[in-house]
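Visitor: here's my sequence, what's the structure:
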Amino acid sequence: MAVAVDIKALLEAGVHFGHKTSRWHPKMAPYIHSKRQEAHIINLEKTVEGLEVALPFISKVAANGKKVLFVGTKKQHKDIVKAAAEAAGQPFVTERWIGGMLTNVATVTSQIKKLKDLERRMASGDLEKRYNKLEVQRFQEEIDVLNHKYGGIKDLSGIPGAVVVVDTLTDANAIREARTLGVPVVGVVDTNADPSMVDYVVPGNDDAIKGTQLLLDYFVAAVKEGGKAEK
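Guide: Residues are numbered from 1 along each chain as shown. Take a look at the predicted model:
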């Protein structure tokens, strides 16, 4: 059963509010409904259409046992993106996107291996046995730094099946790396961004917490739907 999209809920969450007309990207023209007080209004019928294509795709990725990487490093998005990814049991990046996170697998894998090894040794008491308190504290600080950078992807083995980006301008680097690897991108695209950069365009406001939360709820539901059908 596909995830049902409610256009009224999108309207109430303010997903239709675009940016000032002076900041628009011409390629967003097909997704714009009208202008209101020098701001563009997004056509929510197009948002529904975008979701009705993107959500089954996300479900299919999950059903095939592949990971969906959630990305949202904008300050106001961090907490809700992390919570959404965790609710879906998926990896996430909510701190700064580190160059090579997807494309430089060797370096990232070695850092994650180091993190897991230090965590294991800390939990078992091995570090406490071998080092003094100050040294153990330094190891803990190193664990914290590595978790800050890589904690959200430490259980991502290999390349994800899809990347979900809630602000395509803020996280353009994540999109570039995904495109380099041929990983499909689902993106919430506001009126000031280039929709041709993502594979599954979900036109919508990328600033308002309420709207972003609603879209994330749909993405999470799609992952869970796919999880039920996992082969």
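
Visitor: and stretch 113-120, how far out from the chain middle?
Guide: The chain centre lies 25 Å from the centre of stretch 113-120; the measure is Cα atoms, centre = their mean, to the nearest Å.

Visitor: likewise stretch 186-203?
Guide: 13 Å.

Visitor: can you list the buried residues in that stretch?
Guide: Neighbour-count burial for stretch 186-203 flags 186-195, 197-203 (criterion: 16 or more other Cβ atoms under 10 Å). (C-beta placed from N, C-alpha, C; glycine too.)

Visitor: same check, this time on stretch 170-186
Guide: For stretch 170-186, using 16+ other Cβ under 10 Å, the buried residues are 170-171, 173-179, 183-186.

Visitor: where does pLDDT dip in the protein?
Guide: Applying pLDDT under 70 to the chain picks out residues 1, 230-231.

Visitor: that one: strands as residue ranges?
Guide: Using DSSP state E, the strands of the chain run over 17-20, 32-36, 39-42, 68-71, 92-93, 162-165, 185-189, 200-203.

Visitor: is it possible to export those strands to CSV including distance to F139?
Guide: Putting the strands of the chain into CSV (distance: least, Cβ to Cβ, whole Å) gives the following:
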stretch, distance to F139
strand 17-20, 46
strand 32-36, 53
strand 39-42, 49
strand 68-71, 28
strand 92-93, 24
strand 162-165, 32
strand 185-189, 37
strand 200-203, 42
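
Visitor: do you know which of those lies nearest K154?
Guide: Nearest of the strands of the chain to K154, taken as Cβ to Cβ: strand 92-93 at 10.8 Å.
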